[in-house]
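[1] Pasted the sequence and its predicted model underneath.
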Amino acid sequence: MKTKLIRVILFFTVVLIIPFFTLFGEKEKVSYNENKVLAEFPEFSFAGYKSRSFMNGVSDFFSDHFVLRETFIKAKNSIEKAIGKTEINGVIEINGNLIQTFRDVDYKLTDKNLIALNKLKAKNTDTPFYFIPVITAQEKMESEIPSYLAVESEKDYIDYCFGKLKEINSVDVSDAIISTEYAFYRTDHHWTTESAFNSYCVVADALGFTPKSKDFFSIETVADDFNGTLYSKTLNEKIDPDSIEFYRSSTDFTLTVKDETYSSLYFKDWLKEKDKYSFFLNGNHGVCRIENKSANGKLLVIKDSYANCILPFLAEHYAEITVVDPRYCSHSQIKDICVEDFDAVITLFNVSGFSQEQNFSLIEFMGGK
Amino acid sequence: MVFSEPVFLFMFLPVALLLYYAVPFRFKNAVLFLTGLLFYAWGEPVYVLIMILSTLIDYCAGRVMDKFDSNKSIRKVALIVSVVMNLSLLGVFKYSGFFVESINSVFGNVMNNPNLPLPIGISFFTFQSMSYTIDLYRRNIKVQKNFINFAAFVTMFPQIVAGPIVLYDDVARELENRKIDIDSISNGISVFICGLCKKVLIANSVGELWTTVKASDYSTLPAATAWLGIIAFTLQIYFDFSGYSDMAIGMGKMLGFNFPKNFDYPYISKTVSEFWRRWHMTLGGWFKSYVYFPLGGSRNGKFRTIRNLLIVWFLTGMWHGASWNFIIWGVYYGIILILEKFVFAKVIDKLPAAVTRTYTLLMVVIGWVIFEISSPAAELEFIGSMFGASGAFFDISTLNMLHNYAVIIIVAAVVASGIPMKICKKFFANNKLGAVQIAGEAVGMATCIAYLVDASYNPFLYFNF
């Protein structure tokens, strides 16, 4: 009888205490790990009742503010790991690094993207094009990834892409990255500044200019508590936070986004936030322009966020770089960009992002002949 | 609202239970009725009206039958009104789309599909309230004059959306008078947590594996992957459904009701007919007493028996869903049961248990392929792959699946065998290990919460990419 009473008391304590703290406890407004504003309690209305949006709203509110939410999620992830589910939200842990898996590639989408790039090149035969796919951490760790995970080879994917290019120069920076020791963040899917620098030297060779040497920059560590996107996906606290390196240069740059002009390519305010990678170029912009009065020539870069930390190096060599991020721009923003005006066009994406990029073919709308 | 969702577990359930315990006995059925309505309306804000309508008509039919107790034809009319109304609701909301599509596929597009969304639980609550009018007509039960009591029977939240199919007769006495004490509440909590764990920890996990396999191309599916996938589904549907029944039975106990058992370790059955005596028992019971027996059951010779079995299994298949594959699935079982009854009965008796269990499981697993894959062509292709038609036995992704799911599949299979429960019962029978059991339940509940909370965690894939 006593155990029965204990069970009843325990059960009711749990089902009462959880809603109490969930409803009346202190609430966060934003979830940084999910990059979203948490739901507020919905207002009741008959229309909302009829369409169920009220009920869904209550559900979202309750889930979003669930007491000790992240603690429960961490517990769940530990249990999953213990029973053999090593992959959480597409992320695996290898020797203290979180790695995003690359598999189930949609080659039709890749073909579509490459055809779009070939078409743009075909319209602008005089301008040299360079295609620079960047490997992700999986390729660097390839030998350590268990074969049962059945990941695809990024190297094979890059070769596949190179094989489809027409009149476009392929630049392979894989070796430069693999030989970099701290090439990728442990907790984020991006490459480190050092990887970007080493790749920049390879890109410089391809484009025919001499890269600045490392001594040209003063290298500082500007953050050592970076928990990036892969941390957000796994909430794995056993991985050491990352540090972010800043290659400071004495060159004067300006960055123009829409009507705003900034006098630096680096934004220290972001280092205090969760999204520290936005330190580079203030994050992603549909179209932006980097200017350097001490150099000559014009470069067009079609890119994803991987480019954000290599662009400052390239900017040392061009008077003007126009940067187009097809994921964030619209037709009207790019239709006036005339490819002929540039000395070279670079396409730089990480392979995982490129293989999933739905908006890439938008670049066909750029002006040319 | 489903039982395994935070809003139910941590808002609806505690409020409903506390309110229910707080009011004096004579108001408890009213609380059941109102919370049941709220529960149903949460999932079906508009269709809740259909449920109220159905409840009202069955209640009135009962009163009419009672009032004209000696007038046979009025009693008959009342029964017919109730049955026709319930079956029409089912017909219109569940089967009209299927009917129209079937006609159109034969005669060209001659009708418009009304595309009515299916009201949650309609197959359950119509069957439940029909049991009341039919049994009343047969004079098996007494009339329920109190509308609130009758409405509480139809709408009470534990069983309204997914069974067990509680007959009025099952709870008639408890509706008037029932014991609610620490003992029943405590037992109810145990059964409820057990059901929650079955659903959240096992069914949802193995379900992920089946989702992956189901989405693949069957023509190239390696045999081992096909088997792994359909075994995962076999476990998923059992743990999902029986877990849901356990939660309902457990909450019933917390409210003072004893609902009938719905599952009794079906996968250890030695014949397919035994399987159906252990699987969704309340549905089998319903068809037996309201369709099979009235048709004459097995009393009128071989031919009539076969006809009756085929009718029952055609309807059982159809009850599971408005689609041809469910009907094929039902008839598939009808044929197996006829064969077992008239052809192989003696053979099966002589075979060792290991053989008959394997045979039964094999039939059931193939049944699930028919049940779960809706196009017959794809079903055949899938079954082909299970037996090597794709030419491959094993590949790297099979290995990945094994790595991820072997533990959970083994645990699920062991639990489904019923052995752990037997051992537990032996241990906990003397109550000395009660603390261990409570600790186990606490861990189970906490783990369920962790899994439920995680289901809402959606790290945005594209930020900062």
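    Sure thing, it's come through.

[2] other SSEs contacting the longest helix along chain B?
    The single longest helix within chain B, with elements called by DSSP state H, is helix B:223-255. Applying 3 or more CB pairs under 8 Å, 6 or more residues apart in numbering or on different chains; DSSP states H and E, one finds that helix B:223-255 contacts helix B:13-22, helix B:182-197, helix B:204-214, helix B:353-372, helix B:376-386, helix B:396-416. Every residue, glycine included, has its C-beta placed from N, CA and C.

[3] And it, what's buried?
    B:223-255 (16 or more other CB atoms under 10 Å in any protein chain shown).

[4] could you check the angle helix B:376-386 makes with that helix?
    On the basis of axes from the mean of the first three to the mean of the last three CA atoms, to 10 degrees, helix B:223-255 is oriented at 110 degrees to helix B:376-386.

[5] next one: helix B:223-255 to chain centre, how far?
    Mean-position distance between helix B:223-255 and its chain equals 9 Å (CA atoms, centre = their mean, to the nearest Å).

[6] Output stretch A:277-293 as PDB - backbone C-alpha positions only.
    The C-alpha atoms that make up stretch A:277-293 are tabulated as PDB, following Å, rounded to 0.1, in the frame of the first residue of the first chain:
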ATOM      1  CA  TYR A 277      31.000  33.100 -37.600                       C
ATOM      2  CA  SER A 278      29.200  36.300 -38.700                       C
ATOM      3  CA  PHE A 279      32.300  38.100 -37.500                       C
ATOM      4  CA  PHE A 280      33.400  37.700 -41.100                       C
ATOM      5  CA  LEU A 281      31.600  40.100 -43.400                       C
ATOM      6  CA  ASN A 282      28.800  40.600 -41.000                       C
ATOM      7  CA  GLY A 283      27.100  37.400 -42.100                       C
ATOM      8  CA  ASN A 284      25.500  36.700 -45.500                       C
ATOM      9  CA  HIS A 285      24.100  39.300 -47.900                       C
ATOM     10  CA  GLY A 286      22.300  38.800 -51.100                       C
ATOM     11  CA  VAL A 287      24.700  41.200 -52.900                       C
ATOM     12  CA  CYS A 288      27.500  43.200 -51.400                       C
ATOM     13  CA  ARG A 289      30.600  45.000 -52.600                       C
ATOM     14  CA  ILE A 290      34.100  45.100 -51.100                       C
ATOM     15  CA  GLU A 291      36.400  47.900 -52.200                       C
ATOM     16  CA  ASN A 292      40.200  48.400 -51.800                       C
ATOM     17  CA  LYS A 293      41.600  51.600 -53.200                       C
END
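
[7] can you give me the strands for the stretch 51-200 of chain A?
    For the stretch 51-200 of chain A, the strands defined by DSSP state E, counting those that start in this stretch cover A:91-94, A:97-100, A:129-134, A:169-170.

[8] TSV please, covering these and showing mean pLDDT, mean neighbour count and distance to B:Val23.
    TSV is the format used below for the strands of the stretch 51-200 of chain A (pLDDT from 0 to 100; neighbours: other CB atoms under 10 Å in any protein chain shown; distance: least, CB to CB, whole Å):
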stretch	mean pLDDT	mean neighbour count	distance to B:Val23
strand A:91-94	92	19	51
strand A:97-100	94	23	53
strand A:129-134	96	24	67
strand A:169-170	95	16	76
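
[9] can you list these in a markdown table and add distance to chain B?
    Shown next, in a markdown table, are these (distance: least, CB to the nearest CB, whole Å):
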| stretch | distance to chain B |
| --- | --- |
| strand A:91-94 | 9 |
| strand A:97-100 | 10 |
| strand A:129-134 | 13 |
| strand A:169-170 | 23 |
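
[10] nearest to A:Ile239, of those?
    Of all the strands of the stretch 51-200 of chain A, it is strand A:97-100 that lies closest to A:Ile239, at 5.7 Å by CB to CB.

[11] Just checking: what are the partner strands of the closest one?
    strand A:91-94 (antiparallel) (DSSP bridges).

[12] Quick one: distance of the partner strand to the chain centre.
    With CA atoms, centre = their mean, you get 17 Å for strand A:91-94.

[13] sorry, back to before: next, the buried residues of the next helix or strand after the longest helix of chain B.
    Sequence order places helix B:272-278 as the next helix or strand after helix B:223-255, per DSSP states H and E. Buried residues in helix B:272-278, counted by 16+ other CB under 10 Å: B:Val272, B:Ser273, B:Glu274, B:Phe275, B:Trp276, B:Arg278.

[14] Nearest to A:Gln358 among those residues?
    B:Phe275 (47.6 Å).

[15] Enumerate every residue touching the closest one.
    By CB atoms under 8 Å, 6 or more residues apart in numbering or on different chains, the residues touching B:Phe275 are B:Pro266, B:Tyr267, B:Ser269, B:Thr360, B:Val364.

[16] circling back to that earlier point, same list (the buried residues of helix B:272-278) but as JSON lines, adding pLDDT and distance to B:Asn308.
    Output for those, formatted as JSON lines (pLDDT from 0 to 100; distance: CB to CB, whole Å):
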{"residue": "B:Val272", "pLDDT": "94", "distance to B:Asn308": "17"}
{"residue": "B:Ser273", "pLDDT": "92", "distance to B:Asn308": "14"}
{"residue": "B:Glu274", "pLDDT": "94", "distance to B:Asn308": "19"}
{"residue": "B:Phe275", "pLDDT": "96", "distance to B:Asn308": "19"}
{"residue": "B:Trp276", "pLDDT": "95", "distance to B:Asn308": "15"}
{"residue": "B:Arg278", "pLDDT": "95", "distance to B:Asn308": "21"}
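
[17] Low-confidence bits of chain A, can you list those?
    Applying pLDDT under 70 to chain A flags residues A:35, A:368-369.

[18] Geometric centre of it: which residue is closest?
    Taking CA atoms, centre = their mean, the centroid of chain A lies closest to A:Ser305, which sits 5.2 Å from it.

[19] Near chain A, which residues of the stretch 1-150 of chain B are found?
    Within the stretch 1-150 of chain B, the positions lying close to chain A (CB under 8 Å from any CB of the partner chain) are B:1, B:5-7, B:9-11, B:13-14, B:17, B:42-43, B:45-46.

[20] thinking B:Val166 is in contact with B:Phe127, fair?
    No: with contact defined as CB atoms under 8 Å, B:Val166 does not reach B:Phe127; the gap is 9.7 Å.

[21] The two: who's more crowded?
    The neighbour count for B:Val166 versus B:Phe127, taken as other CB atoms under 10 Å in any protein chain shown, is higher for B:Val166 (27 against 21).

[22] Quick check, pLDDT for that one.
    Note on B:Val166: pLDDT of 92.

[23] List the buried residues of stretch B:199-213.
    Buried residues in stretch B:199-213, counted by 16+ other CB under 10 Å: B:199-207, B:209-210, B:212-213.

[24] Which ones among those residues also lie next to chain A?
    Checked against chain A using CB under 8 Å from any CB, these yield no neighbours at all.

[25] possible to save the residues you listed as TSV with pLDDT?
    Formatted as TSV, the buried residues of stretch B:199-213 follow (pLDDT from 0 to 100):
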residue	pLDDT
B:Lys199	92
B:Val200	91
B:Leu201	93
B:Ile202	94
B:Ala203	92
B:Asn204	90
B:Ser205	89
B:Val206	91
B:Gly207	90
B:Leu209	92
B:Trp210	93
B:Thr212	89
B:Val213	92
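
[26] just how off-centre is stretch B:154-171 within its chain?
    From the chain centre to the centre of stretch B:154-171 is a distance of 12 Å (CA atoms, centre = their mean).

[27] so how far does that stretch reach from one end to the other?
    Taking CA to CA, to the nearest Å, the first and last residues of stretch B:154-171 lie 11 Å apart.

[28] Relative to chain A, which residue of the stretch 51-200 of chain B is the closest?
    B:Ser186 (3.6 Å; CB to the nearest CB).
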